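1. I need the structure of the sequence given here:
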Amino acid sequence: MIIAISGKSGSGKDTVGRLVAKELGISVLSMTFKDLAKEKGISLMAFQELAAGDSGIDKAFDGLLEKRAYEQRDCVVTTWLGPWIIKRAELRVFLDAPEAVRAKRIAGREGITGQQALAHLRERDGQNKQRYLALYGIDIDDRKIFDMAVETADKTPEQIASLIVAKARKKKQ
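-> Numbering: from 1, shown residues only. Model prediction:
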């Protein structure tokens with residue numbers, strides 16, 4: 001089973017995805033632009049600027065994501081576009097949280113102020129929304145394709161993972 005978890009910056013995709021994968025005994029596929037930026041020795045936002053000017057970056061990234069997911073067969077994919085890109089995903093999950101909550105999480109993990117985190121997520125979310133709409137016609141705010149959406153602000157990662165695991169097991173029956 002391929003489970004595709006999406007959500008904006010700071011929504012909990014990676015944390016929850018790892019817990020879901022562990023509980024189900026499958027792998028997690030968490031490719032990110034952060035990883036690619038780090039490999040290139042530039043900031044995430046600088047890499048996003050490169051991608052904004054070169055659609056080949058997104059297309060290569062998304063093609064590799066799809067290929068790896070299909071090779072693994074049973075995995076949890078934790079990327080923004082996973083639910084749209086991975087056509088064979090059997091469970092599509094959207095994680096949501098208010099902007100202030102997501103900014104606080106980002107500030108904590110990145111060691112920046114809340115204001116810096118808020119500015120970062122607004123810029124990143126805005127750039128991604130524009131890029132994905134222009135490149136693929138995907139509106140990341142459209143939730144129609146999702147099997148479930150989970151508000152993460154008032155739940156622990158373990159509680160969220162438990163909800164997803166239950167839905168996955170039910171779908172598998």
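2. what about the closest residue to Leu121 other than its chain neighbours, which helix or strand?
-> Sequence neighbours aside, Ser9 is the residue nearest to Leu121 in space, at 4.4 Å (criterion: Cβ to Cβ, 6 or more residues apart in numbering). In this view, the C-beta of every residue, glycine as well, is placed from N, C-alpha and C. Assigned by DSSP states H and E, Ser9 belongs to no helix or strand.
3. do the same with Arg92
-> Using DSSP H and E, the element containing Arg92 is strand 91-96.
4. Sort out which residues of stretch 3-22 are buried, please.
-> Residues of stretch 3-22 classed as buried by neighbour count (16 or more other Cβ atoms under 10 Å): 3-21.
5. Likewise for stretch 56-72?
-> 57-58, 61-62, 65-66, 69.
6. again with stretch 74-92
-> By 16+ other Cβ under 10 Å, the buried positions in stretch 74-92 come out as 75-86, 89, 91-92.
7. cool, and stretch 136-145?
-> In stretch 136-145, counting by 16+ other Cβ under 10 Å, buried: 138, 140.
8. what does stretch 20-32 give?
-> Buried residues in stretch 20-32, counting neighbours by 16+ other Cβ under 10 Å, are found at 20-21, 23-24, 26-31.
9. Stretch 112-122 too?
-> Using 16+ other Cβ under 10 Å as the test for burial, stretch 112-122 gives 117-118, 120-121.
10. Select from the residues you listed every entry located in helices.
-> 117-118, 120-121 (DSSP state H).
11. Give me the below-cutoff pLDDT ranges for this protein.
-> For the chain, the stretches flagged by pLDDT under 70 are 33.
12. so where do the helices sit in it?
-> Counting by DSSP H, the chain has these helices, from start to end: 13-24, 33-40, 44-53, 55-72, 82-85, 99-110, 114-136, 157-172.
13. Distance to Lys144 added to these, as JSON lines?
-> Formatted as JSON lines, those follow (distance: least, Cβ to Cβ, whole Å):
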{"stretch": "helix 13-24", "distance to Lys144": "19"}
{"stretch": "helix 33-40", "distance to Lys144": "25"}
{"stretch": "helix 44-53", "distance to Lys144": "25"}
{"stretch": "helix 55-72", "distance to Lys144": "20"}
{"stretch": "helix 82-85", "distance to Lys144": "11"}
{"stretch": "helix 99-110", "distance to Lys144": "22"}
{"stretch": "helix 114-136", "distance to Lys144": "15"}
{"stretch": "helix 157-172", "distance to Lys144": "17"}
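14. Compare those and give me the one nearest Ile145.
-> Closest to Ile145 of the helices of the chain is helix 82-85 (Cβ to Cβ; 5.8 Å).
15. I'm done for today, thanks for sticking with me.
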